[in-house]
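**Q** Build me a model:
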Amino acid sequence: MRTRFLTWAGRAVTTVLAAVTTVLAAVTAVLTGGTLSAGPAWATPTLTPLISLSEQPASIPFGATATVTYTIENPNAGSTAIALTNIGVTDTLPAGLKFVLGTLSSTCGQYTSAALTASVFDIAGMSLAANTSCQLSLNATGIAAGTQQNSASVTSDQGAGNTAMASVEVVAPLSFTTAFDPTYFAPGQSSALRFTIGNANDTARTAIGFSDSLPGGLTITSPNHLAGSCGGGTIKAAAGSGSITLTGATLTSSQNCSFSVTVTGTSIGARQNTAGPISSKEGGQGSTSTSVVSIAKPGNRVFWMNTFSFSGHGVSFADLTVGGGGGDLVPDGSGQPVRGGLAIDPVAGRAYYADGSASVIPYARLDGTGAGALTHSAVTASAMTGLAIDRAGGKVYWADAGTNTISWASLDGKTGGHLSTGGATVSFPNGVAIDPASNRIYWANAAGNSISYANLNGTGHGGTLNTSGATINLPEGLAIDVAAGRIYWANNSQNIISWAALNGSGGADLPTPGAIVNSPVGLAIDHAAGLVYWANLGGSIGFAAEDGSGGGSVDVRGATVRTPAYPALLEHPSGTKKPSVSGGSATGTVLHCSTGSWAPDLVGAFLYQAPQGFAYRWSRNGTAVSGATTSSLTARTAGSYGCTVTASNGAGSASQHSNAHTVR
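**A** Numbering: from 1, shown residues only. Next up, the predicted model:
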């Protein structure tokens, strides 16, 4: 109403000014000797077109549409009842709106041209009879939150008209995310389920709320450890129940809130929790939020890096036992696409992963409790493509496809450099594998289609491995099976897994019936199980028997599998020699229990199984000695003593028992 009043007021002022101008011209003519006549000089001037603008509804959700209506009027009436010709309307939308193509409707008759883009409407060549009006309408979609002020102008052959203005408020949806921390845990353990809500609008949102019914296998702990708040709203999360609700919250412009509740896992498996939708009084119903947590017993697992994706740089895993569950050790983050790399240090309880080009190598703790980074300031990476850890030698190695070098850094981050490759080919290397026992490091040349090697100790002596008889086409990633005397690689271009003998006698392609081979990058080998694993950029983890009898795919439900690469195997410790008890045979003597011997990591195969820690338990005459849980014991009573050593790492534990030791 206000817009229409201003438009007519403007027209009246224009009319009065035109009349005054005519009178002044006539008076001037008389004063200069002219003749005052009742001719055209006294006629009411022709009025230019008027435009008014409306946008309905006045408030729309983000992504919804409003109708933009242009009302054009010919105000000429009475003695100036003339038609207006070549009428044109121009409207350039504000950045928060865009036109919907194909939605133009008109009561204005014919026009000679009409141009419509996402942001500009320009129509011309219309005519309008005296004292009449017509309408044009278009739909526009809200694409940015806030009040969107719009203006449109009108012109004609009889002159330019006015400019009209109108606005519509685009209401952005409330942001709503949920996340578990940690993202996996064993049955009976707990995780914090966090809810985060944000208001990106320039006005407040009230009566905000949502509900969350937890999936089976999860329940709210007792007590619920509620932490945080949200805009004065009421949070309900009864201990022992499966329901979490928020009601009556208010968030002012650009305000966020966050709170968490602790949940406990009751059964094994990947659990997908969907909360919401979030809603508010002003914005109505918004989106839901889905997050996944895995309840998994420690067990043998395959890890991989989600990479070569703008949403990549995450690390995920899947248990190799049926029904064990999978999950994400490092949730997907944002970053540039890289091939990356992955290697595990079970003794430190860490999974290291390459981050393309940086002076750090990030790591995540295998128990899901945190993360960190190894800084290697002595050498800067350009394009990491593969990682290999030699814990005994205190170094981590990688191939740098950006500089065509094989590089290393000490695990304490203090030293590093480029390895001498002794004249061996280094041409866009993708992946490295080390064999400390033979003092060699191998890498795949993606550009040169070859497998090269050099000495680990930096003395050069590089060369090219004989791969005759095997396919080698864009090799990306490799792994060594020392026991079988083979090195395997993934042919990313040919979707073939191949191998060559370490003694240089040539190789062959591995039969993989029943398995998916889809742009493979990286391998890991479990020689004891006779299996080769690889990651498919196509979105799966495949495996096949080394004897060529066939394979399949790992069950990765519950884990992120987005362009996975560079798999690594983590297995529980495996005993190779039982512990021994040393000490005297007289009562009162101090007995000592050794750790026994345990299978080492097979770093070239990317199979990690070294113990992270040891636990001790003493027995006397076959009965546990109360409180005796250290590596030493004072034998105060005669009897037959023994110790049990349990070694554990991120995949689980195993025990070995000593022979009896007699104390008299």
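
**Q** can we go C-alpha only for contacts and neighbour counts from here?
**A** Fine.

**Q** And the helices in the stretch 1-150 of the chain, which stretches?
**A** Counting by DSSP state H, counting those that start in this stretch, the stretch 1-150 of the chain has helices at residues 2-31.

**Q** Any stretches of it with poor pLDDT?
**A** 1-44 (pLDDT under 70).

**Q** switch to 80 and redo it
**A** Across the stretch 1-150 of the chain, residues meeting the criterion (pLDDT under 80) sit at 1-45, 79-80.

**Q** Let me see the ranges of the strands in the stretch 101-250 of the chain.
**A** Secondary structure of the stretch 101-250 of the chain (DSSP state E, counting those that start in this stretch): strands located at 105-106, 113-116, 120-128, 133-142, 146-156, 159-171, 175-181, 184-185, 190-198, 205-213, 218-220, 227-229, 234-236, 243-251.

**Q** and the fourth one, which strands flank it?
**A** Going back to what we said before, that points to strand 133-142. Applying DSSP bridges to the sheet, strand 133-142 is found paired with strand 65-73 (antiparallel), strand 97-99 (antiparallel), strand 105-106 (antiparallel).

**Q** Which residues does it contact?
**A** Contact with strand 133-142 is made by 60-74, 96-100, 103-108, 128, 170, as judged by Cα atoms under 8 Å, 6 or more residues apart in numbering.

**Q** Among the residues you listed, name the buried ones.
**A** 60-63, 65-74, 96-100, 104, 108, 128, 170 (16 or more other Cα atoms under 10 Å).

**Q** separation between Ala392 and Ala647?
**A** Ala392 sits at a distance of 19 Å from Ala647 (criterion: Cα to Cα, to the nearest Å).

**Q** Over to Ser640?
**A** For Ser640, the distance to Ala647 equals 23 Å [Cα to Cα].

**Q** These two - which one has more neighbours?
**A** Neighbour totals were compared for Ser640 and Ala647, and Ala647 leads with 25 against 17 (other Cα atoms under 10 Å).

**Q** For the closest residue to the more buried one other than its chain neighbours, give me its contacts.
**A** Beyond its immediate neighbours in the sequence, the residue positioned closest to Ala647 (Cα to Cα, 6 or more residues apart in numbering) is Phe614, lying 4.6 Å away. Listed by Cα under 8 Å, 6+ apart, the contact partners of Phe614 are Thr595, Val645, Thr646, Ala647, Ser648.

**Q** Dihedrals phi and psi, the residue lying closest to the third one once chain neighbours are set aside?
**A** By that I understand Thr646. Closest residue in space to Thr646, ignoring its immediate chain neighbours: Ser655 at 4.2 Å, by Cα to Cα, 6+ apart. Ser655 adopts backbone torsions of phi -120, psi 150, taken as degrees, to the nearest 10.

**Q** Pull the contacting residues for Ser655.
**A** Contacts here follow Cα under 8 Å, 6+ apart; on that basis Ser655 touches Gly575, Thr644, Val645, Thr646, Ala647.

**Q** Farthest pair within the residues you listed?
**A** The largest separation in the contacts of Ser655, counting by Cα to Cα, is between Gly575 and Thr644 at 12.0 Å.

**Q** hey, what's in contact with both of these two?
**A** In contact with both Gly575 and Thr644: Ser655, Gln656, using Cα under 8 Å, 6+ apart.

**Q** Looking at those two, which is more packed in?
**A** Thr644 (25 against 21).

**Q** Surely that one is within a strand?
**A** Yes - assigned with DSSP: H, G, I helix; E, B strand; the rest coil, Thr644 falls within a strand.

**Q** That one reaches Gln656, doesn't it?
**A** Yes - counting by Cα atoms under 8 Å, Thr644 touches Gln656, with 5.8 Å between them.

**Q** any residues in contact with both of these two?
**A** In contact with both Thr644 and Gln656: Pro579, using Cα under 8 Å, 6+ apart.

**Q** Now render the strands paired with strand 133-142 as JSON lines, adding distance to Ala381.
**A** Formatted as JSON lines, the strands paired with strand 133-142 follow (distance: least, Cα to Cα, whole Å):
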{"stretch": "strand 65-73", "distance to Ala381": "49"}
{"stretch": "strand 97-99", "distance to Ala381": "44"}
{"stretch": "strand 105-106", "distance to Ala381": "59"}
